[in-house]
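K.L.:
Here is a sequence with its predicted model. Questions after.
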Amino acid sequence: MPKNAKSNGKTVFLGMSGGVDSSLSAVLLKKQGYNVVGVYMKNWSKDLPGMKCPWAEDLADAKRVAVKLGIDFRVFDFETEYKQKVVDYMLDEFKKGNTPNPDIMCNQEIKFKLFYEVAMEQGADFIATGHYARTGVDTAGVPALLRAKDENKDQTYFLYRISDEALSKTIFPIGDMLKPEVKELAAKKGLDNAYKKESMGVCFVGEVGIKDFLKEYVDIEPGEIRDIDTNKQLGVHEGAIFYTVGQRHGLNIGGGLPYYVVKKDISNNIVYVSRNLNNAQLWTKELILKDVFIRGSEAGKQLANSNKAKIMVRIRHRAPLIQATITDYNKDTQEVKVIFLTEIKHPASGQSVVFYQGDECLGGGIIA
Amino acid sequence: MIYLDHAAATPVSKKALAKMLPYFSDEFFNPSSPYLPAAHLRQNYEFAKGQIAHTIGAKGNDIVITAGATESINLAFTAAEGLSGNILILETEHPSVRATARALVENSAKGGKSPLELREIKVDKTGLIDLDDLRQKIDENTIFISVSLANNELGTIQPLAEISEIIEKERSHRLELVKDKKPTSVLPIILHSDASQALNLVDISVARLGVDLLTINAAKVGGPKGVGALYVGRGIKLNPIIVGGGQEAGLRSGTENVPGVMGFAVAAEETKEHLAGNRKKYEKFAQILKNKLQESPIEPLFLGNKKHQLANFVPVCFPGIDAERIIYKLEEKQVYLSTGAACAANKGAKSHVLTAIGLTDSEIAGSLRISLGVLNTEENVKKAGELIVQAVSEEFARVSGDQAQKQESKNA
């Protein structure tokens, strides 16, 4: 096996999902001379009503690719931890009326913590995943999380909370590629039959949709839909936790101009809506973030130590980068204020605002 | 393609397919309709049912057509509904038997009566029933026993006649007990056998086997999927699972699957006709394959019972090898085989059959199920043997290479 100087036969544990991104990552790492160990993380296997959990098929796809490439393959069973750290967190947040992002939690707690730790225990020099992201190193040797070459696919929004320690040992083999290139190269390598589809969104919820998932785990009562301006009842909803501020669809109150969710009263299970897109509740110029996580790179430290910093932020995966000012960072409460240049549509609480400077992701926080 | 998984599915035979085709279009009538063409169809249907029944030594009226073996098994177990006592099944039964038995036991607990009890009969290291264990577990409260004629992972053929003798003894015993006491009824004891895997290699006669209920399946013998039958002995009372228009003597409502039954009849007859020849042929092929597999760098462990095994079954274990990797390697060369049962394998569950015969986890992980059949020739079996040996050798080299490397880095 040809080995280049950088890899020098070092061992990489690669998270393999059975999808095209991680499958091609295996090919690339192997080509670079790494000793690649494919790992399927078994995080969720429970079937939901009307939806068979595809974990066994995903596992088979991942293993098939590993066998095709002649690499070692293991299964790490993280079901217990995933339920505790990701699913329970998600359910708690929904119960509070927030809209959590389980993928961010999954990366923080499972893929770049548990997987990293177990891989290291089992002899890994590095871990790798098929995420669209890149890494760099600052002058002090601290790793930097960089946006992917494919701006459309960049997944740093989901990765902003992963530890510097794990990042320093992480390889993102396809971060320098565009998605069409990944697909094309995978096909060229004969992998197009080996994998089925790309894993998307909340990994375990799959096609079921978050609503059906929540119904299984949370007691939900129907409640009133009220017009925020008149306080008149307009209809009935299935449960306030299903609704997100700013949401336009799914109100089932028929006809005319669309309604928007402007407020949720979780304790009384009331959803307030408005036809007025200009309703003040729908817009904001600033946000308070909690659980702020700032990366330890030089640029991150600078941000943490500054009173006021003009940076770029992203308020959703794949949303455009927009200018904002970060102020009042309180290291003790881990809170920070974000002020936007112009009003933005109010993002849901529980979602993240992620900080960028140039290509680098500096961290972010969760909307309070 | 070299197909080595006939225990999972078989292609519909040319003759069976040709027989079926007109019944999808020209002969599309509902056999229950009142006009003459429909009446003719009814005759053809009943005749075909008779052909199916004859292959197991029964008459057309003794069988109920179902949508496959799983439904037949579910229907068979209704014989124990509403009764109290215990049910015995072999510990290596197919999930369709295990799950049905468990569901029956669970439901019996809801009725307020004393619930049914499920007992599993042990097998030996070859998968053969432990008759002493059966003698020990059968008692005056046993009402239902289910033992497959041949196991779906090992091909081990169970001595049904001996089993029914033991049951007959228990029956006499019960009659003895109530003698002179003018009982109103004696607790029945019913024997069911799932013969899905055995129909094409074992000369089945329900009378000789001494079974009260027997499940067969078209899809394993060159018939279409979704058609099965249940033989129901005289005096056995079942509760229909599917009710409606009262077809199949009220035991299985729904318009008859005429093309399916036509295909099943042809396939069953073909199978019966070639039984002896096929057995010899597959014995020879199996031997060729086994000889070839001996050339592996790891000595293969052939599973099942050499004396009492379906001739087309070659279950084999390569200890220390990951059988799934062998399967994925071979699929690239269009050689298709499986670990355990197809349905269990894709759930990632450990085979309960291989556990029952005492294999270690690593032996289970190294086990392949090869089942020969109509798509095999001497040449393709030889070729398959070579390719399996090659794949095992590659895996062996990879695993031992890894170990050598680890050793190397430890020493360094």
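P.N.:
It's in. Numbers count the residues shown, from 1 in each chain, chains lettered A, B, ... in the order given.

K.L.:
Could you chop the chain up by domain?
P.N.:
I'll assume chain A. Domains of chain A are assigned by automatic domain parsing as A:11-130+A:173-208, A:219-277, A:283-367.

K.L.:
my bad, the chain I had in mind was chain B
P.N.:
Taken from automatic domain parsing, chain B resolves into B:2-8+B:275-402, B:14-272.

K.L.:
The domains of chain A: which one's closest to chain B?
P.N.:
Of all those, it is domain A:11-130+A:173-208 that lies closest to chain B, at 3.9 Å by C-beta to the nearest C-beta. Just so you know, the C-beta spots here come from the backbone N, C-alpha and C atoms, and that holds for glycine as well.

K.L.:
and that closest one, how far from the chain's centre?
P.N.:
Here domain A:11-130+A:173-208 shows a centroid-to-chain-centroid distance of 13 Å under the convention C-alpha atoms, centre = their mean, to the nearest Å.

K.L.:
quick one, helices of chain B?
P.N.:
Counting by DSSP state H, chain B has helices at residues B:14-20, B:36-54, B:69-77, B:95-108, B:131-137, B:160-178, B:206-209, B:258-273, B:275-293, B:323-331, B:342-345, B:352-356, B:361-365, B:378-411.

K.L.:
Kindly report the same for the stretch 201-350 of chain A.
P.N.:
Assignment of helices within the stretch 201-350 of chain A using DSSP state H, counting those that start in this stretch yields the ranges A:210-217, A:298-305.

K.L.:
Can you flag the weakest of the ones you listed by average pLDDT?
P.N.:
The minimum mean pLDDT among the helices of the stretch 201-350 of chain A belongs to helix A:210-217 (a mean of 81).

K.L.:
got the buried residues for that one?
P.N.:
For helix A:210-217, burial by neighbour count (16 or more other C-beta atoms under 10 Å in any protein chain shown) applies to A:210, A:213-215.

K.L.:
now swap in stretch B:74-82 and tell me
P.N.:
B:74-80.

K.L.:
before we move on, the earlier item: okay, the domains of chain A, which one's buried deepest?
P.N.:
domain A:11-130+A:173-208 (a mean of 20; mean count of other C-beta atoms under 10 Å in any protein chain shown).

K.L.:
follow-up on the earlier one: turn the helices of chain B into CSV, columns for mean pLDDT and distance to A:G15.
P.N.:
Putting these into CSV (pLDDT from 0 to 100; distance: least, C-beta to C-beta, whole Å) gives the following:
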stretch, mean pLDDT, distance to A:G15
helix B:14-20, 98, 46
helix B:36-54, 97, 52
helix B:69-77, 98, 37
helix B:95-108, 95, 32
helix B:131-137, 98, 46
helix B:160-178, 91, 50
helix B:206-209, 95, 53
helix B:258-273, 97, 46
helix B:275-293, 97, 35
helix B:323-331, 95, 19
helix B:342-345, 48, 24
helix B:352-356, 94, 30
helix B:361-365, 90, 22
helix B:378-411, 84, 20
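
K.L.:
Any idea which of the ones you listed gets closest to chain A?
P.N.:
Across these, closest to chain A is helix B:323-331 (C-beta to the nearest C-beta), at 3.9 Å.

K.L.:
what's the closest one in contact with?
P.N.:
For helix B:323-331, the external contacting residues (C-beta atoms under 8 Å, 6 or more residues apart in numbering or on different chains) are A:60, A:63-64, A:67-68, A:73, B:318, B:336-339, B:365-368, B:387-388, B:391-392, B:394-395.

K.L.:
Run the angle between the helix ranked longest in chain A and helix B:378-411 for me.
P.N.:
The helix spanning the most residues in chain A, taking DSSP H as the definition, is helix A:55-69. Helix A:55-69 runs at 80 degrees relative to helix B:378-411, counting by axes from the mean of the first three to the mean of the last three C-alpha atoms, to 10 degrees.

K.L.:
got the angle between whichever helix or strand comes after helix A:55-69 and helix B:378-411?
P.N.:
Next along the chain after helix A:55-69, taking DSSP states H and E as the criterion, comes strand A:72-77. Counting by the same axes, to 10 degrees, strand A:72-77 lies at 80 degrees to helix B:378-411.

K.L.:
Residues touching the following helix or strand past strand A:72-77, excluding its own?
P.N.:
Under the assignment DSSP H and E, the closest C-terminal helix or strand after strand A:72-77 is helix A:79-82. With contact meaning C-beta under 8 Å, 6+ apart, helix A:79-82 is reached by A:42-45, A:106, A:109-110, A:114, A:204.

K.L.:
one more time with 10 Å, if that's ok
P.N.:
Here helix A:79-82 makes contact (C-beta atoms under 10 Å, 6 or more residues apart in numbering or on different chains) with A:41-46, A:55, A:87-88, A:102, A:105-106, A:109-110, A:113-114, A:203-204.

K.L.:
Starting from A:I294, give me the distance back to A:G239.
P.N.:
Using C-beta to C-beta, to the nearest Å, we find A:G239 at a distance of 36 Å from A:I294.

K.L.:
now do B:K306
P.N.:
B:K306 is 69 Å from A:I294, by C-beta to C-beta.

K.L.:
related to what we said a few turns ago, out of the domains of chain B, which is closest to A:V27?
P.N.:
Minimum separation from A:V27 across the domains of chain B (C-beta to C-beta) falls at domain B:2-8+B:275-402, 15.4 Å.

K.L.:
Which strands and helices lie in contact with the lowest-mean-pLDDT helix or strand in chain A?
P.N.:
Using mean pLDDT, DSSP states H and E, helix A:210-217 stands out as the lowest-scoring helix or strand of chain A, at a mean of 81. The contact analysis (3 or more C-beta pairs under 10 Å, 6 or more residues apart in numbering or on different chains; DSSP states H and E) places helix A:210-217 against helix A:88-95.

K.L.:
Pairing partners for B:N86 in the sheet, please.
P.N.:
Using DSSP bridges, the bridge partners assigned to B:N86 are B:E117, B:T142.

K.L.:
State the distance from it to B:D133.
P.N.:
B:N86 is 14 Å from B:D133, where distance means C-beta to C-beta.

K.L.:
so what sits against both of these two?
P.N.:
B:R119.

K.L.:
just to revisit the earlier point, for the helices of chain B, which one ends up most surrounded?
P.N.:
helix B:69-77 (a mean of 26).

K.L.:
now for that helix, which elements pack on it?
P.N.:
So helix B:69-77, by 3+ C-beta pairs under 10 Å, 6+ apart, packs with strand B:63-66, helix B:95-108, strand B:142-146, strand B:190-194, strand B:213-217, strand B:228-232.
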